[in-house]
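1. Here you go, sequence then predicted model.
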Amino acid sequence: MKVLVADGVSPKGIEILQQAGFECVVKDKLPAEELLEIIPEFDGIIVRSASKVTKEVIDRAQNLKIIGRAGVGTDNIDIAAATARGIVVINSPGGNTIAATEHTMGMMLAMARNIAVANETLHKGEWNRKKYTGVELRGKTLGVVGLGRIGSGVATRSLAFDMKVIGYDPYVNEERAQSLGIKVVSLDELIEQSDFITVHMPLTPKTKGMFNKDNIYKMKKGVRLINCARGGIINEKDLAEAVKSGHVAGAAIDVFESEPLAANSPLLGVPGITITPHLGASTVEAQIGVSVDVAQGIVTALNGEPVSTAVNMAPVSAQTMKVIKPYLDLAERLGCTACSLADGGISEIKIKYNGGIADVDTKMITIAVVKGILNPILEDKVNYVNAPSLAKERNIKVKEVKDKSVENFANLITVSVVANGKTQTVQGALFGDEGRIVTINSYRVDVDPHARILICPHINRPGIIGTIGSLLGYANINISGMQVGKTEIEGTSMMVLTIDNEIPDSVMQQIINMNGIFDVKLVNYNVVK
Ligand SMILES: NC(=O)C1=CN([C@@H]2O[C@H](COP(=O)(O)OP(=O)(O)OC[C@H]3O[C@@H](n4cnc5c(N)ncnc54)[C@H](O)[C@@H]3O)[C@@H](O)[C@H]2O)C=CC1
Ligand SMILES: O=C(O)CCC(=O)C(=O)O
């Protein structure tokens, strides 16, 4: 077996691969064309963030069985293409957590005390003590957006600096925040109250451009921003303008919309912006950690065993798979639906099996539900191996209940999630091999859970359905299915629309603002792989 090490990683991992009998070809800064040319001969590949494992690479990689990301973010790998080809993708979720956490602290201090610029100008012979007067961290409010591994680490370290720490993470429950010793607030509150804001979430369609000119100017004048997560979470052009205008006093940025940083980046040359070339994970210890993690994972996977850091594949025996396979996809889609219905941090997931399915070993199906719930919100691609531990890590209780009695359907899966004391319930059943959602919060539906749906409880009076239809029509959004009917609550109805296109936030907001609409939830099934 041959493994290509495409970006420089610590030799410790390479030793592990060689000791296991694999031939390693080590390249540093491998050009994209050369990667395309040589990839067909390899069984495994290790990358950091520089090499892009695109669909084109995967299509040519006829022998490839595993892709190892020596780090956390897998946004440089086409996971869907790898999965379609049955190639396992693994990462190192914890190997560089401390390095990225400490780099964030370093960037915050460097920015607050002008360390980088003072160093640079002093080397040029300028003794500028007054010009580089900084601010203290003590007593300042730090807003941490994204309370996963790195965000939590930054939060607890900042408490030691006597900062007041507040956090925003729609997928973290109160219990977890309390255990960190910080206060969870809404995004608006965080924006209004923070003196420093640091972001620690993956780059997703939801987080891309999450901070931009619309909310930067709602921040305190003199706010300081840090991005050591992914380029693009803070819009670079808007940030540069806000720093130039003086509204933002400083920014510390390690990651960029385009890497390596383009010579025409709006951030370059702006006084007050401290930049590092994606150094978050660049410590000796982290590089050993991630290199060893992926090397061990590759040895395990190429020996045909399950890997707990696999981000796209579940180790299931063929025999078990045959029985449960038709239910797995439905279960994941039920989880995705329930997650979208829930507001805030989920504290409990309950899965009930009715009918014949209660006789089967449903453990994997339960994991599929959890996977469907966690996948839209976490950086790690949640799989059958890591879903239970990720739920546990986030203090989410998972309960499985079995009842052989039949309720309307020969086999019925009921998924309930509790978030902020409110329970959301969806039920699904199989018709042949086809999964359908049959109830949403007691409302009887027949929904094919694919593409995206809008769930919209509303007052039962003329005009509502037509207005929403026109609104979507004007926005060029096609409705390919619609169900509407009365709910159990007198005078109220529920509308479920199957939507062909993405819905811009502005259109969602217009629907929410409509008179007679109680709520609107978008379920996007694209995250279900
Ligand atoms: N600069 C660097 O070299 C490094 C950067 N990173 C990046 O740091 C980021 C965080 O990494 P981890 O903490 O390990 O990931 P994690 O998966 O432990 O945490 C991500 C957190 O983001 C939260 N989140 C998701 N969507 C959100 C939203 N819309 N608003 C607020 N929170 C949201 C999730 O609930 C989760 O708690 C990743 O993007 C990763 O790639 C990681 C390591 C090194
Ligand atoms: O490999 C690197 O140096 C980048 C690390 C990173 O961004 C990650 O682990 O997500």
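-> That came through, no problem. Ligands and ions are numbered 1, 2, ... in the order given.

2. what's the neighbour count on whichever residue of the stretch 101-250 of the chain sits closest to ligand 2?
-> Closest to ligand 2 within the stretch 101-250 of the chain is Arg230: 7.4 Å, counting by C-beta to the nearest ligand atom. Yep, even glycine has a C-beta here, placed from its N, CA and C like the rest. Neighbours of Arg230 under the rule other C-beta atoms under 10 Å: 24.

3. same question, the one 3 residues further on
-> When neighbours are counted by other C-beta under 10 Å, Ile233 registers 22.

4. what's near enough to touch it?
-> Taking C-beta atoms under 8 Å, 6 or more residues apart in numbering, we find Ile233 in contact with Val199, Met201, Leu203, Thr207, Lys208, Gly209, Met210, Phe211, Asn227.

5. rewinding a little: and what about the residue of the stretch 101-250 of the chain closest to ligand 2, helix, strand or coil?
-> Secondary structure, DSSP: H, G, I helix; E, B strand; the rest coil: Arg230 is coil.

6. The spatially closest residue to it that is not a sequence neighbour: how many residues sit nearby?
-> Nearest non-adjacent residue to Arg230, counting by C-beta to C-beta, 6 or more residues apart in numbering: Leu203, 3.7 Å away. Look at Leu203: counted by other C-beta under 10 Å, it has 20 neighbours.

7. right, and Leu203 touches Ile234 too?
-> No: look at Leu203 against Ile234 with C-beta atoms under 8 Å: they stay out of range, at 10.9 Å.

8. Give me the common contacts of the two.
-> Contact criterion C-beta under 8 Å, 6+ apart; residues shared by Leu203 and Ile234: none found.

9. Would you mind checking the contacts of Ile233 for buried ones?
-> Val199, Met201, Leu203, Thr207, Gly209, Met210, Phe211, Asn227 (16 or more other C-beta atoms under 10 Å).

10. Among those, find the lowest-pLDDT one for me.
-> When these are compared on pLDDT, Leu203 comes out lowest, with 90.

11. who's in contact with Arg138?
-> Contacts of Arg138 (C-beta under 8 Å, 6+ apart): Phe161, Asp162, Met163.

12. Could you give me the PyMOL selection string for whichever of these are buried?
-> This is the PyMOL syntax for the buried subset of those, where burial follows 16+ other C-beta under 10 Å:
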select buried, resi 161+163
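
13. which ones are touching the residue of the stretch 301-450 of the chain found nearest ligand 2?
-> At 7.9 Å from ligand 2, Glu379 is the closest residue in the stretch 301-450 of the chain, using C-beta to the nearest ligand atom. By C-beta under 8 Å, 6+ apart, the contact set of Glu379 is Val72, Gly73, Pro93, Gly148, Met201, Pro202.

14. mind listing what Thr414 touches?
-> With contact set as C-beta under 8 Å, 6+ apart, Thr414 has these partners: Lys350, Ile351, Lys352, Tyr353, Asn354, Thr425, Val426, Gln427.

15. do the one helix or strand Ser416 maps to and ligand 1 meet?
-> Per DSSP states H and E: Ser416 is located in strand 411-419. No: using C-beta under 6 Å from any ligand atom, strand 411-419 stays clear of ligand 1, coming no nearer than 13.0 Å.

16. OK, contacts around the residue in the chain positioned nearest to ligand 1?
-> Residue nearest to ligand 1 within the chain: Gly148 (1.8 Å; C-beta to the nearest ligand atom). By C-beta under 8 Å, 6+ apart, the contact set of Gly148 is Asp169, His200, Met201, Leu378, Glu379.

17. between the longest helix along the chain and strand 411-419, how many degrees?
-> Among the segments of the chain that qualify as a helix by DSSP state H, the longest is helix 318-341. Helix 318-341 and strand 411-419 are oriented at 40 degrees to each other (axes from the mean of the first three to the mean of the last three C-alpha atoms, to 10 degrees).

18. How far off centre is helix 318-341?
-> 20 Å (C-alpha atoms, centre = their mean, to the nearest Å).

19. Quick check: what element follows it along the chain?
-> Following helix 318-341 toward the C-terminus (DSSP H and E): strand 346-355.

20. does ligand 1 sit close to that following strand?
-> No: using C-beta under 6 Å from any ligand atom, strand 346-355 stays clear of ligand 1, coming no nearer than 10.5 Å.

21. Is the very next helix or strand once past that strand in proximity to ligand 1?
-> Proceeding N to C from strand 346-355, the next assigned helix or strand is helix 363-374, under DSSP H and E. No: judged by C-beta under 6 Å from any ligand atom, helix 363-374 and ligand 1 are separated, with a smallest distance of 8.8 Å.

22. what sits up against helix 363-374?
-> Identification of contacts with helix 363-374 by C-beta under 8 Å, 6+ apart yields 314, 316, 320, 324, 327-329, 331-339, 346, 349, 351, 353, 357, 382-384, 387-388, 390-391, 394, 396, 398, 400, 413, 415, 417, 528.
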